Every structure is written in structure tokens, then in C-alpha cells.
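Student: let me see the structure of the following:
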Amino acid sequence: MPKPKSSDTKLKQLVNDGLNCTQIAKQLGVTKGAVSQRLKTLNLAASKEVALVRAGEVVRKELNTVAQLQKINDQANALLDLLMACVTGDKKLSRRLWRKLPHSWAPKADLLRRR
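Tutor: Next comes the predicted model:
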């Protein structure tokens, strides 16, 4: 790599900040290959650093996604139970299920109930 536009200290900082080679190259105004070569010369491994820094973020996002999907699934099941009770004519069950609907659904549920 010809004389770098930024110091090796800056390069190390970008690696420690979790940037990958492509992102570092953009910031420094050099090619991805130049960054890779310089990291190799400095015995730095950007991909390992990035993987370690980002692993925690990925796990948190995955857990949040699973929780959101579970909430959606629970709400869909509640709505399906209510529809089944209404279709089968089970008034006692349907009244109980109407009361169990999330509060945010109340305005929409009232509209449906009136129809």
C-alpha cells in the first residue's frame, strides 16, 4: 500500500470501532485491497475484530425478533379463537374473548362488533 492517507493508528481505531475492510477503505479513500494488505502487514484481523464486536449486537437483535414474532403469533391466535367462537355461535366464549383482546384493538373491535 503506498503511503497511507491516514496513520496506522487511525486504521487500528477503525478496526476497533468494528468497521469492515470496505467501510475502512471508504473512510480512508483507498481500495479494499489496500486496507486488507495493510492490516495483514500490521498483523491485524479486521474480520475477527468485527465479528467479536458485532456478535453481541446480532444476538440481541435475534432475541428481539423472536419476541416480536411471538407477540404477533399470540395476537393472531387470539383473533382466530375469537373468530372461531363467533362463527360457531358460542356467545359466552366470544364475549370472554372480546374482553381479552389487547386494549389497542378496542376501537377496531368495536367497529367489528357493530357490523
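Student: burial measure for residue 21, as a count.
Tutor: By other CB atoms under 10 Å, 21 other residues sit near residue 21. Every C-beta, even on glycine, is put in place using the N, C-alpha and C of the backbone.
Student: quick one: mean pLDDT for stretch 17-29?
Tutor: Across stretch 17-29, pLDDT averages out at 85.
Student: SS state for residue 43?
Tutor: Secondary structure state of residue 43, per DSSP: H, G, I helix; E, B strand; the rest coil, is coil.
Student: make 645 the first number, not 1, from now on.
Tutor: That works, and once the first residue is 645, the last one we named lands at residue 687.
Student: separation between it and residue 681?
Tutor: Distance of residue 687 to residue 681, given as CB to CB, to the nearest Å: 12 Å.
Student: go on, residue 658?
Tutor: According to CB to CB, residue 658 and residue 681 sit 15 Å apart.
Student: of these two, which one has the most company?
Tutor: residue 658 (21 against 14).
Student: the strands in this protein, which residues?
Tutor: Along the chain, no stretch is classed among the strands by DSSP state E.
Student: quick check: which ranges of it have low pLDDT?
Tutor: 645-651, 688-697, 749-759 (pLDDT under 70).
Student: show me how it divides into domains.
Tutor: Domains of the chain are assigned by automatic domain parsing as 652-688, 705-758.
Student: helices or strands next to the lengthiest helix in the chain in the packing?
Tutor: Ordering each helix of the chain by length in residues (DSSP state H) puts helix 690-732 first. Under the contact criterion of 3 or more CB pairs under 8 Å, 6 or more residues apart in numbering; DSSP states H and E, helix 690-732 touches helix 652-660, helix 665-672, helix 676-685, helix 735-744.
Student: who does the first one touch, helix- and strand-wise?
Tutor: So the one you mean is helix 652-660. Using 3+ CB pairs under 8 Å, 6+ apart as the contact test, the elements touching helix 652-660 are helix 665-672, helix 676-685, helix 690-732.
Student: tell me which residue is most central in the chain.
Tutor: The residue lying closest to the centre of the chain (CA atoms, centre = their mean) is residue 705, at 4.2 Å.
Student: output stretch 714-730 as CSV - backbone C-alpha positions only.
Tutor: Extracted C-alpha coordinates of stretch 714-730, given in CSV (Å, rounded to 0.1, in the frame of the first residue of the first chain):
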residue,chain,number,x,y,z
GLN,A,714,-44.1,-14.5,19.4
LYS,A,715,-46.2,-11.4,20.2
ILE,A,716,-47.6,-11.4,16.7
ASN,A,717,-48.3,-15.1,16.9
ASP,A,718,-50.1,-14.7,20.2
GLN,A,719,-52.3,-11.9,18.8
ALA,A,720,-53.1,-13.8,15.7
ASN,A,721,-54.1,-16.8,17.7
ALA,A,722,-56.3,-14.7,20.0
LEU,A,723,-58.1,-13.2,16.9
LEU,A,724,-58.5,-16.7,15.4
ASP,A,725,-60.0,-18.0,18.6
LEU,A,726,-62.4,-15.1,18.7
LEU,A,727,-63.4,-15.6,15.1
MET,A,728,-64.0,-19.3,15.6
ALA,A,729,-66.2,-18.6,18.7
CYS,A,730,-68.2,-16.1,16.6
